[in-house]
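> give me a model of this one.
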Amino acid sequence: FEQGTLEFLTPIGTPVRQLANSVEASVRCDHPVASRMHRILGFAWDSVVIFLLSMALSAIFAGCLRVWHVDFPLNATALALALCAVTFCVGFAYFTVFVSFGWETIGWNAVGLRLVRLDGQDPTPRQRWLRYGAEFVGLIALCIGYIWILFEEESLGWHDQISETFPTPRIHSESSFHKR
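Numbers count the residues shown, from 1 in each chain. Take a look at the predicted model:
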């Protein structure tokens, strides 16, 4: 995977590169920003896990209705809406659990990503919750918070910028962290 291009560890006295939007482009961290494809793969893994959990939960619920002899007629539209609602609730619970415990999701672990602050340290619980809330806002805003990653110069989404965190490859982050 090709990594992002933030300028890390700018030597003292060196002028800091300015982005087109006049924001300082330097951070005090030697972790690369995960590539767009790396992030997409993590999202894909999480989506599959959420889908499978949703289908399992739906099957268990349907099985319980049969065991209890509950006749619950559903047309195709009602069934699709019910599955969407179950998937949304499972996804919400899935991410809430991982944020609550400060863990990386199954998808991020599968593709080797971890979350770090702009200074290279582990994010605080407040930053994780702030990121989670900003992800939700970016999703509600017609996914613009996520689409932003494709066009933003540093490949950071709204949630990355608001929480001052970003994903980095786990292998790099565990082997090259230098505390200042």
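> next, name the residue at the spatial heart of this structure.
Nearest to the centroid of the C-alpha atoms of the chain, with distances taken as Cα atoms, centre = their mean, sits Phe43, at 6.9 Å.
> touching, that residue and Gly107? I think so.
Yes - because the distance of 6.4 Å satisfies Cβ atoms under 8 Å, Phe43 is recorded as touching Gly107. Bear in mind the C-beta positions are built from the backbone N, C-alpha and C, glycine included.
> and Gly42, how far from Arg126?
The gap separating Gly42 from Arg126 is 23 Å, by Cβ to Cβ, to the nearest Å.
> thinking again about what came up before, which pLDDT value belongs to the residue nearest to the centre of the chain?
The predicted local confidence for Phe43 comes out at a pLDDT of 94.
> tell me the first helix or strand C-terminal of whatever helix or strand it lives in.
Secondary structure from DSSP states H and E places Phe43 in helix 36-67. Scanning the chain past helix 36-67 towards its C-terminal end, the next helix or strand to appear is helix 76-101 (assignment: DSSP H and E).
> beyond that following helix, next helix or strand please.
Later in the chain than helix 76-101, the nearest helix or strand by DSSP H and E is helix 106-111.
> helix or strand right after that next one?
Toward the C-terminal end, the helix or strand that comes next after helix 106-111 (DSSP H and E) is strand 113-117.
> touching that next one from outside, list them.
When contacts are taken as Cβ atoms under 8 Å, 6 or more residues apart in numbering, the neighbours of strand 113-117 outside the stretch itself are 29, 31, 34, 38-39, 42, 104, 108, 122-124, 127-128, 131, 164-170, 173.
> mean confidence for it?
Averaging the model's pLDDT scores along strand 113-117 yields 95.
> mind saving the C-alpha coords of the helix or strand just after that strand as PDB?
Using DSSP H and E, the helix or strand that directly follows strand 113-117 along the chain is helix 125-140. Below are the C-alpha coordinates for helix 125-140, written out as PDB (Å, rounded to 0.1, in the frame of the first residue of the first chain):
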ATOM      1  CA  PRO A 125     -10.900   8.300  25.200                       C
ATOM      2  CA  ARG A 126     -12.200  11.800  24.500                       C
ATOM      3  CA  GLN A 127     -10.500  11.900  21.100                       C
ATOM      4  CA  ARG A 128     -12.000   8.400  20.300                       C
ATOM      5  CA  TRP A 129     -15.500   9.600  21.200                       C
ATOM      6  CA  LEU A 130     -15.000  12.800  19.300                       C
ATOM      7  CA  ARG A 131     -13.900  10.900  16.300                       C
ATOM      8  CA  TYR A 132     -16.900   8.500  16.600                       C
ATOM      9  CA  GLY A 133     -19.300  11.500  16.700                       C
ATOM     10  CA  ALA A 134     -17.600  13.200  13.800                       C
ATOM     11  CA  GLU A 135     -17.800   9.900  11.800                       C
ATOM     12  CA  PHE A 136     -21.500   9.900  12.400                       C
ATOM     13  CA  VAL A 137     -21.900  13.500  11.400                       C
ATOM     14  CA  GLY A 138     -19.800  12.800   8.200                       C
ATOM     15  CA  LEU A 139     -22.100   9.900   7.500                       C
ATOM     16  CA  ILE A 140     -25.300  11.800   8.000                       C
END
